[in-house]
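>>> Sharing a model that was predicted from the sequence below.
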Amino acid sequence: MLTGEKMVNNLVDELNEIGMPSMAATLDKIYHSERFLSLDHLTLMSELIGSEYEDKISKRINNRLRHAKLIGCPQTLEECQNSRTREYLPVGIIEVLSSIAFVRDGLNVCILGPSDSGKTHLAKALGISACNDYKVEYHHCESYLEGMVSLKETDYKKYDRKMTLLSKLDLLILDDFLLHTIMDEREIKVLFAICKRYYNS
């Protein structure tokens, strides 16, 4: 029977093998620390599980941000504050939106304002915050529709897969939505299909 350091080394190897590197590293660190013998069982378990949990959650959120095309974006809701050049109305709306309850409740949010008033900043900040709990996609509306039309004509199977994935999203952000009048009938049909697929999910 393995005891002491050999047992710990064996456990570290097994944890790494089953894909729990954070727990393995934490176990090895704790075992070789001066406080190891004074730790009670629950504290030891808490530290081991906590390290792996935080790592998994961090990776999950980063994967969501990457899928949403928001990875590396610096926007935060804390920056969305009234100033001399910018005012968010109605009063208290940022606090309401910050709860991200509109996603859970299946509500639409339309952000209106003049050019350079912070609409994109707020949209991205909401998307980033929503990635903590939800599946999100962020797109610039005009280029997104152009890309979907092109994909529909060149690779319909891939287009159909993308449309199917839309129904699994919790939040779809279309920046600059209908900023310009859509003249291309193909884009109108794709936009209608997106709305129909998304809202029927």
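Looks like it arrived, so ask away.
>>> show me what contacts the residue nearest to the spatial centre of the chain?
Nearest to the geometric centre of the chain sits residue 131, at 2.4 Å (Cα atoms, centre = their mean). Contact analysis of residue 131 by Cβ atoms under 8 Å, 6 or more residues apart in numbering lists 61, 64-65, 68, 70. Heads up, the C-betas are built off the backbone N, CA and C, glycines and all.
>>> Next, format those as JSON lines and append neighbour count.
Output for the contacts of residue 131, formatted as JSON lines (neighbours: other Cβ atoms under 10 Å):
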{"residue": "61", "neighbour count": "15"}
{"residue": "64", "neighbour count": "22"}
{"residue": "65", "neighbour count": "19"}
{"residue": "68", "neighbour count": "24"}
{"residue": "70", "neighbour count": "21"}
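>>> Check what pLDDT the residue nearest to the centre of the chain gets.
On pLDDT, residue 131 comes in at 97.
>>> before we move on, which element is the closest residue to it other than its chain neighbours in?
In space, and not counting its chain neighbours, residue 131 is closest to residue 64: 4.1 Å by Cβ to Cβ, 6 or more residues apart in numbering. In the assignment (DSSP states H and E), residue 64 maps to helix 41-68.
>>> Please report the distance of the residue lying closest to residue 51 once chain neighbours are set aside from residue 56.
Using Cβ to Cβ, 6+ apart and skipping the chain neighbours, the partner closest in space to residue 51 is residue 26 (4.1 Å). Between residue 26 and residue 56 the computed distance is 13 Å (Cβ to Cβ, to the nearest Å).
>>> swap in residue 184?
Look at residue 184 and residue 56: by Cβ to Cβ, they are 44 Å apart.
>>> and what of residue 46?
16 Å.
>>> Likewise for residue 17?
Taken as Cβ to Cβ, the span from residue 17 to residue 56 is 17 Å.
>>> which one of the two has more residues nearby?
residue 56 (14 against 10; other Cβ atoms under 10 Å).
>>> For this protein, which segments count as helices?
4-17, 21-31, 41-68, 93-98, 101-104, 119-130, 141-154, 156-166, 185-199 (DSSP state H).
>>> Highest mean neighbour count out of the ones you listed?
Using mean count of other Cβ atoms under 10 Å, the stretch among the helices of the chain with the largest mean neighbour count is helix 119-130, at a mean of 21.
>>> just to revisit the earlier point, isn't the residue nearest to residue 51 up against residue 48?
Yes. Counting by Cβ atoms under 8 Å, residue 26 touches residue 48, with 5.6 Å between them.
>>> sorry, back to before: what average pLDDT does the helix holding residue 64 get?
The model assigns helix 41-68 a mean pLDDT of 93.
>>> If you count contacts, what does that helix end up packed against?
For helix 41-68, the packing partners by 3 or more Cβ pairs under 8 Å, 6 or more residues apart in numbering; DSSP states H and E come out as helix 21-31, strand 136-140.
>>> As TSV, those with distance to residue 171 and mean pLDDT would be great.
As requested, those are exported to TSV (distance: least, Cβ to Cβ, whole Å; pLDDT from 0 to 100):
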stretch	distance to residue 171	mean pLDDT
helix 21-31	29	92
strand 136-140	5	95
